[in-house]
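> sequence isn't available, so here's the structure alone:
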């Protein structure tokens, strides 16, 4: 695995085949988790994924993204969707310039809706490179008594495992699942749907489950990246073969 810790000479000599751009967020995670929760999880997952991929260049994790829905809570900062799209496009351009044609966005925050149409446009411009989007596979669920949407069991368990010193369970609010659907976050913001900024069941979290979750997520995400790019290559070859000269 190559990263920002390597020299330019080392990276150029290795000619990496795949690059990963992890994207986190700085936003409230109720009273018991740090505002850097999404950043910390995306960073840890990306490092584990990159280790499982051959000749991979891992970029530093972006700490900021589209978090305006959490604006009612202190500590939250955000980028406009257009700003995040422009930032990702510029990073992709730099990677393509150095010869990397396979780029995976590892998105650690669910509110970055702009990235899907941005990736579609970059790919369908057909400039000879491909960008895929992968969310942290296996890190959240939407079933059971409490849907795991924000600062609940999954994220709490992961931070318990990664940074136990940052978890303040003595300050945790009671488990909470709003009756409204997720779309209401877009209508009134997270603060209008859940006054504590919580959507889930942190009381059910444990560091052991966080460890297992992270390992499984890294395995599944790395496999998705491998298979997605392999399938893209197959489909591109099929399209070229079917096109008249």
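Ah, there it is. Predicted, not measured: the structure shown is a model, and the values here were computed from it.

> which residue ranges of this protein form helices?
Assigned by DSSP state H, the helices in the chain fall at 8-14, 37-52, 81-97, 115-124, 153-162, 184-188, 190-193, 207-242.

> what angle separates the last one from helix 153-162?
This means helix 207-242. Counting by axes from the mean of the first three to the mean of the last three CA atoms, to 10 degrees, helix 207-242 lies at 110 degrees to helix 153-162.

> the fourth one too?
Here helix 115-124 runs at an angle of 80 degrees relative to helix 153-162 (the same axes, to 10 degrees).

> i'd like the first residue to be 55 from this point on
Okay, using 55 as the starting number, the last item reads as helix 169-178.

> quick one: helix 169-178 to helix 135-151, angle?
Going by the same axes, to 10 degrees, helix 169-178 makes 40 degrees with helix 135-151.

> tell me the helices and strands packed up against helix 169-178.
helix 135-151, strand 156-161, strand 184-188 (3 or more CB pairs under 8 Å, 6 or more residues apart in numbering; DSSP states H and E). Placement of C-beta: from N, CA and C, glycine included.

> helices or strands up against the last one?
Contacting strand 184-188 under the criterion 3+ CB pairs under 8 Å, 6+ apart are the following elements: strand 156-161, helix 169-178, helix 261-296.

> which of the helices and strands packed on helix 169-178 sits most buried?
Ranked by mean neighbour count, those are led by strand 156-161 with a mean of 24 (mean count of other CB atoms under 10 Å).

> quick one: distance of it to the chain centre.
9 Å (CA atoms, centre = their mean, to the nearest Å).

> what sits up against it?
The contact list for strand 156-161, computed with CB atoms under 8 Å, 6 or more residues apart in numbering, reads 71-77, 96, 99-100, 103, 119, 142, 146, 149-150, 169, 173, 183-190, 275, 279, 283.

> follow-up on the earlier one: including distance to residue 228, could the helices of the chain go into TSV?
Formatted as TSV, the helices of the chain follow (distance: least, CB to CB, whole Å):
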stretch	distance to residue 228
helix 62-68	49
helix 91-106	19
helix 135-151	33
helix 169-178	33
helix 207-216	13
helix 238-242	20
helix 244-247	16
helix 261-296	20
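
> if we can go back for a sec, make a markdown table out of the helices and strands packed on strand 184-188 and add distance to residue 217.
Output for the helices and strands packed on strand 184-188, formatted as a markdown table (distance: least, CB to CB, whole Å):
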| stretch | distance to residue 217 |
| --- | --- |
| strand 156-161 | 19 |
| helix 169-178 | 26 |
| helix 261-296 | 10 |
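
> mean neighbour count, these: which tops it?
strand 156-161 (a mean of 24).

> surely residue 119 is in contact with residue 75?
No. In this structure, residue 119 is not within contact of residue 75 by CB atoms under 8 Å, at 11.3 Å.

> which one of the two has more residues nearby?
More neighbours surround residue 119 than the other of residue 119 and residue 75, with 29 against 22 (other CB atoms under 10 Å).

> measure the more buried one to residue 230 for me?
Distance from residue 119 to residue 230, counting by CB to CB, to the nearest Å: 24 Å.

> for residue 146, same thing?
Remark: distance between residue 146 and residue 230 (CB to CB) = 38 Å.

> check residue 293 too.
Applying CB to CB to residue 293 and residue 230 gives a distance of 48 Å.

> ok, and the closest non-adjacent residue to residue 164?
In space, and not counting its chain neighbours, residue 164 is closest to residue 189: 7.4 Å by CB to CB, 6 or more residues apart in numbering.
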